[in-house]
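Asker: have a look; sequence and predicted model below, questions after that.
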Amino acid sequence: MCFLTWMCRSLTSRNDDCPPTLYLLNAAAITKPHAIKHLGNDLNGYKVDIAVITETHLKVKHADHNFRIQDYMLFRRDRHGRCGGGVAVYISNRLSADLWPCPGDSAQFELLWIRVLSHGCYILMVEYTNRRCVRRPHC
C-alpha cells in the first residue's frame, strides 16, 4: 500500500501554474539489472517532475551513487530488519527539494516527508507498508 499526501500552500498569486507531474511505480526491486536505466528513460521521456518508487528493496549496502538518475535528486527510506520494501523519491533538478523534518519520525517506518518548491510550496508525504512482511521479520 502506498499513501501519497500533498499539503499545498500557494506562494504566488498566479492561478495558471500547474502542480508538478507525478509518476508512481511499484518497482519490486530497483536493484535488478538495468532497472535504473529503464526508470531513467521513463522519467526523462515523460518529463516527470516527481517520481515515487515503492518496493525499492534498497538496503544500507546499496550506495546512492549506484541509483542516481541524471537530472534527478534521490531521496530514500529503506526498510530495516525485514524483507523487500523501501521507498525512493526522485525529484527533477528543475525543482528545489529537501527532506522536511517531521517531529516524531522513526526509521522503523518507510515514510518520507519532502518539501518541494515549484510555483508554490508542496509537502510530499510518501509511505509504503506491506502487511504480509510485518509478520515475517526474516524473509
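Answerer: It's in. In this text the structure is predicted, and so the values were computed from the model without any measurement.

Asker: now N44: phi and psi?
Answerer: phi -70, psi -40 (degrees, to the nearest 10).

Asker: count of residues packed around it?
Answerer: Burial of N44 is recorded as 14 neighbouring residues (other CB atoms under 10 Å). Glycine gets a C-beta too; all of them are placed from N, C-alpha and C.

Asker: could you number the chain from 32 rather than 1 from now on?
Answerer: Shifting the count to begin at 32 puts that one at N75.

Asker: which residues touch it?
Answerer: N75 is in contact with 100-102, counting by CB atoms under 8 Å, 6 or more residues apart in numbering.

Asker: how close does it sit to C152?
Answerer: 25 Å (CB to CB, to the nearest Å).

Asker: what's the answer for V79, then?
Answerer: Per CB to CB, V79 is found 20 Å from C152.

Asker: list the contacts of L53.
Answerer: 35, 79-83.

Asker: buried members of the residues you listed into PyMOL, please.
Answerer: Burial among the contacts of L53 is assessed by 16 or more other CB atoms under 10 Å; the matching PyMOL selection reads:
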select buried, resi 79+80+81+82+83
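
Asker: distance check, V147 against A60.
Answerer: Using CB to CB, V147 is found at 26 Å from A60.

Asker: so between those two, which is more surrounded?
Answerer: Neighbour comparison, V147 and A60: the larger count goes to V147, with 22 against 12 (by other CB under 10 Å).

Asker: can I assume G71 sits in a helix?
Answerer: Yes: checked against DSSP: H, G, I helix; E, B strand; the rest coil, G71 lies within a helix.

Asker: mind listing what it touches?
Answerer: Counting by CB under 8 Å, 6+ apart, G71 touches 100-101, 103.

Asker: most neighbours out of those residues, which is it?
Answerer: Most surrounded of the contacts of G71: other CB under 10 Å gives Y103, at 21 neighbours.

Asker: does that residue really touch V120, like I thought?
Answerer: No: contact criterion CB atoms under 8 Å: Y103 and V120 do not qualify, at 9.5 Å.

Asker: good, we can wrap up now.
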